[in-house]
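Asks: Sequence first, then the predicted structure:
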Amino acid sequence: MVKKEASPKPKVDREAYQKCLLDRQKESERTKNFSGKSIYKSEKVSNVSFYSPKAGDHLIDIIPHITGENHPTIAPGKAQYYLDIWVHYGLNDDNSQCLCLSKNFGKKCPICEHQKQLREEGVDDAVWKTIGPKRRTIYNIVSYDTEKEESKGVQLFNVAHFYMEMHLTKLMKGPVRPGRKVNVSEAYIVFSDPDEGRSVAFSIEDPKSKDDFPKYVGHRFVDRDYSIPDEQLAAAICLDDLLHIPSYNEVYELYWGEKVGSKVKENKTDEVEDEIEEIEEETDEVEEVEAPAPTRSGRKPAKSEPEPEIEEEVEKEIEEEIEEEEKPAPTPKKNKVKKAASAVTCPMGFEYAVEFDTYEECDDCPEDTWTACKKAHKG
């Protein structure tokens, strides 16, 4: 007996294994701390102090920093005094949040995709407005509110765009006489300059009712007789380096509560053909027996011949399955559509209800206030 030679074992590309596994490890490391509860990398902010001003008067210096690799619009290594970002809030029962991939980075965002779908379906504005991203600004600041606050040194200040940066933008452009040509340094007050800049003063007013919101008012620049010390400039954090930039899949899972492709669509054309073929085989057997067994679909054919039009019925069943799987994605969970609350004042400084959705700043309005303003506008 001739002994067969063993087939050669397939050669394993170990270098490909190594590279692939290294990529997976890097991905695991990058996402290990992503719980969706914060936009920050947890290891980056574990020892960072956050400034949380309460009602009253406040005085701060905004400390410029140097941009890093994650800045949405500015190249690395540039001086910047704030970080302007868009954030999705209230994504699940933990009230999680994440960066908007579309607004910040021009990428596909599953939440924005769903928002667009709701708008196209004619869903009420209060629904799709609620799940849209909100504009935030983050600063490195030193607070002079109290000696205790000042002793904390450089802190992070994460605040709604319309509470702070919107006001600073109006203040930073200095007054110019009509018809007079001026250079950039004259046209703008460079308040964040370490040597010739200004401090920022503002006040916070408590909400007047449970349906109202705090107000940031009285924004103004205050002259300084000092420069920002080197110690504070060195302590300023690269703000974009703090951010966790999630992948599309991470945002999808956080928002929908399931992984992308968890309901994989099968090739329904092949499925229809297989179904018909099985039914035909069963009906062929029916002619040879006296008491036919039920077919796969549960229908009993006649004793003498196959049930008429069975192929059409099977095709109809499969088509119904296809239509069911291709229905639009479900609307958000109930915690994604927050109940609107009434309000009596506009936090943006405009005329409540009368100037509803008139200005760009209205896109940054808190969801409850925006919805209540809309209802009051309609009367």
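Replies: It's in.

Asks: for the protein, where's the lowest mean pLDDT among helices and strands?
Replies: helix 268-286 (a mean of 47; mean pLDDT, DSSP states H and E).

Asks: From M172, how far off is the residue nearest to T137 when sequence neighbours are not counted?
Replies: Distances taken as CB to CB, 6 or more residues apart in numbering put E165 closest to T137, at 4.4 Å, once the chain neighbours are dropped. To be clear about C-beta, it is placed using only N, CA and C from the backbone, and glycine gets the same treatment. E165 is 10 Å from M172, where distance means CB to CB, to the nearest Å.

Asks: And W128, by the same measure?
Replies: Counting by CB to CB, the gap from W128 to M172 is 33 Å.

Asks: out of the two, which sits in the more crowded spot?
Replies: W128 (20 against 16; other CB atoms under 10 Å).

Asks: Make sure I have this right: the more buried one is in a helix.
Replies: Yes: assessed by DSSP: H, G, I helix; E, B strand; the rest coil, W128 belongs to a helix.

Asks: which residues does it contact?
Replies: Counting by CB atoms under 8 Å, 6 or more residues apart in numbering, W128 touches 115, 118-119.

Asks: So for V45, what's the nearest residue that isn't a sequence neighbour?
Replies: Per CB to CB, 6+ apart, closest to V45 is L242, 6.0 Å.

Asks: Flag the shaky bits of the stretch 151-300 of the chain, pLDDT-wise.
Replies: 174-187, 262-300 (pLDDT under 70).

Asks: mind redoing it with 50?
Replies: 264-273, 275-276, 279, 283, 286-300 (pLDDT under 50).

Asks: Please name the bridge partners of I63.
Replies: Beta-bridge pairing for I63 (DSSP bridges): N140.

Asks: how much space between it and W370?
Replies: For I63 relative to W370 (CB to CB), the value is 33 Å.

Asks: Equivalent analysis for G257, please.
Replies: Note on G257: its distance to W370, by CB to CB, is 26 Å.

Asks: And these two? Which one has more around it.
Replies: Taking other CB under 10 Å, G257 and W370 do not tie; W370 has more neighbours (23 against 12).

Asks: I figured that one hits C362, correct?
Replies: Yes: with contact defined as CB atoms under 8 Å, W370 counts as touching C362 (6.9 Å).

Asks: And the strands in the stretch 151-300 of the chain?
Replies: 155-160, 198-205, 215-223 (DSSP state E, counting those that start in this stretch).

Asks: Please save the CA atoms from the first one in CSV.
Replies: Pointing back at strand 155-160 there. What follows is strand 155-160 as a C-alpha-only set of coordinates in CSV (Å, rounded to 0.1, in the frame of the first residue of the first chain):
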residue,chain,number,x,y,z
GLN,A,155,-8.6,75.7,36.0
LEU,A,156,-10.8,74.5,33.1
PHE,A,157,-14.0,76.4,32.4
ASN,A,158,-16.5,74.5,30.2
VAL,A,159,-19.5,76.7,29.5
ALA,A,160,-22.3,77.1,26.9
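
Asks: helices or strands next to it in the packing?
Replies: Applying 3 or more CB pairs under 8 Å, 6 or more residues apart in numbering; DSSP states H and E, one finds that strand 155-160 contacts strand 134-143.

Asks: Just the mean pLDDT for the strand it packs on, thanks.
Replies: The pLDDT scores in strand 134-143 average 96.
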